[in-house]
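A.B. asks: Dropping a prediction and its sequence here:
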Amino acid sequence: MDNTNKFDLQYLLTDTSFKNWAKGLNKNDIAYWNNWLQNNPQHIETVENAKSIVVGIKFKPQFPSNEKVDQELSKILPKIGLKNPIKNPLTKIQSLNKAIYFSAAAVVLILLSWTSLSLFNVHNTTTHQTNFGEIIDLKLPDGTSVVLNGNSEISYEKDNPRFINLKGEAYFRVKSIPSTNAKFWVITNDLKVEVLGTQFHVNTREQKTNVVLDEGSIHLEFKNGDVTKMIPGEMVSFSNKSNEVIHKKVTIETPYALWRGGTYEFNEIPLKDVMLNLELTYGLEVRYSSDHLKDIPISGGIPNQNLKICIAAIEKATGTRIINKGNILQVQENPIY
């Protein structure tokens, strides 16, 4: 889906999150829209027109002092092909096309805000990280519950716990805030997940991001600019590297978040897919003595929080022998079977 026309004037004027940003009412929305504007400067004029309508005042009073604007414009205008105002900056600026002035001044405001936010956030970030094979349950300051899988990490600013950066794998039960309709975002290298209150799973491993929606509704904004809406029971996979989007229905054969209870639950899943979970969760390398072993199907529950027990269960379910040497698991045929 093309994202070009989504952020038009009508959309912005009806979006609760945008109106909160325009009025300065919600820290989560303020942080999101400042970040969005930084990455989408082509929409600045539309955004500022919408903001003026929302707050019911002219744009200019929202700027820093005239002196500060002049100082920053003197640095920016040459970069966008305009002459630098010298003796009487305000007179020069007033002679410019209004749209150019508004856009340039908005850039100044955003740069100032973003710079201040960045400097502040360096010392104000909360990070939760798991070791190999570790699963932890978290409760965020806003009431959202997170189950973080092994070898994974989430981080957020202390004053903005609804804007999450994720590496690895996690399951989210997002706390809805009806009074402000505050949105919740999960950011990966491939996409942004935008929700109000719902339950969903995100996996950022293997140079792609998989999102599975259990209930509610969410919007995805991909790095290539496309957006899509998900419905419960659907999985969307996207890789920024390949620029490929895959939609499919979740079935009993899709072991997407079954690790949460401390047990992998599989239904006719090939051994290679089961062992891939171990590789990613425990930081291991798996080798096979024969390729046909990769396709042995597994059904049932496999404990996943103790590697030795996990390996023993897989051996019994597949009739194989798995030798653990350092960080390498060697899968081979078991002569007993």
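C.D. replies: Arrived safely.

A.B. asks: Give me the neighbour count for K27.
C.D. replies: 17 (other C-beta atoms under 10 Å). (Each C-beta comes from the backbone N, C-alpha and C, glycine too.)

A.B. asks: Surely it touches K158?
C.D. replies: No: counting by C-beta atoms under 8 Å, K27 does not reach K158; the two are 10.4 Å apart.

A.B. asks: Grab the nearest non-local neighbour of L25.
C.D. replies: T180 (7.1 Å; C-beta to C-beta, 6 or more residues apart in numbering).

A.B. asks: Confirm that neighbour sits in a strand?
C.D. replies: No: under the criterion used here (DSSP: H, G, I helix; E, B strand; the rest coil), T180 is coil, not part of a strand.

A.B. asks: Next one: N34 from K27, what distance?
C.D. replies: 11 Å (C-beta to C-beta, to the nearest Å).

A.B. asks: and the most centrally placed residue in the chain, bridged to which residues?
C.D. replies: Nearest to the mean C-alpha position of the chain, by C-alpha atoms, centre = their mean, lies I187 at 1.5 Å. Beta-bridge pairing for I187 (DSSP bridges): N165, K192.

A.B. asks: confidence score at the residue in the chain sticking out farthest from the centre?
C.D. replies: Centroid-distance maximum for the chain: I336 at 47.5 Å, with C-alpha atoms, centre = their mean. In this model, I336 is scored at 72, pLDDT.

A.B. asks: who are the neighbours in contact with it?
C.D. replies: Residues near I336 by C-beta atoms under 8 Å, 6 or more residues apart in numbering: none.

A.B. asks: Buried ones in stretch 168-184, by neighbour count?
C.D. replies: 168-177, 181-184 (16 or more other C-beta atoms under 10 Å).

A.B. asks: now the residue farthest from the centre of the chain: how far from E315?
C.D. replies: For I336, the distance to E315 - C-beta to C-beta - is 10 Å.

A.B. asks: How about L284?
C.D. replies: L284 is 15 Å from E315, by C-beta to C-beta.

A.B. asks: Show me where the stretch 101-250 of the chain dips below the pLDDT cut-off.
C.D. replies: Counting by pLDDT under 70, the stretch 101-250 of the chain shows low-confidence ranges at 101-123.

A.B. asks: please redo it, this time with the cut-off set to 80
C.D. replies: In the predicted model, the stretch 101-250 of the chain carries pLDDT under 80 at residues 101-123, 179-180, 196-197, 206, 250.

A.B. asks: What ranges does it have for its helices?
C.D. replies: Counting by DSSP state H, counting those that start in this stretch, the stretch 101-250 of the chain forms no helices at all.

A.B. asks: What is the burial count for the closest residue to N181 other than its chain neighbours?
C.D. replies: In this structure, N181 finds its nearest non-sequential neighbour in T16, 4.3 Å apart by C-beta to C-beta, 6+ apart. Neighbour count of T16, defined by other C-beta under 10 Å: 15.

A.B. asks: got it, and I246?
C.D. replies: So I246, with other C-beta under 10 Å, has 11 neighbours.

A.B. asks: can you tell me which two in the buried residues of stretch 168-184 are farthest apart?
C.D. replies: G168 and N181 (29.0 Å; C-beta to C-beta).

A.B. asks: one step back: ok, now how distant is the residue nearest to L25 from F200?
C.D. replies: For T180, the distance to F200 - C-beta to C-beta - is 21 Å.

A.B. asks: who touches G233 in this structure?
C.D. replies: Taking C-beta under 8 Å, 6+ apart, one finds L213, D214, K249, V250 in contact with G233.

A.B. asks: should've said A317
C.D. replies: So A317 contacts I298, S299, G300, I302 (C-beta under 8 Å, 6+ apart).

A.B. asks: now do 10 Å
C.D. replies: Neighbour list for A317: F266, L271, V274, I296, P297, I298, S299, G300, G301, I302 [criterion: C-beta atoms under 10 Å, 6 or more residues apart in numbering].
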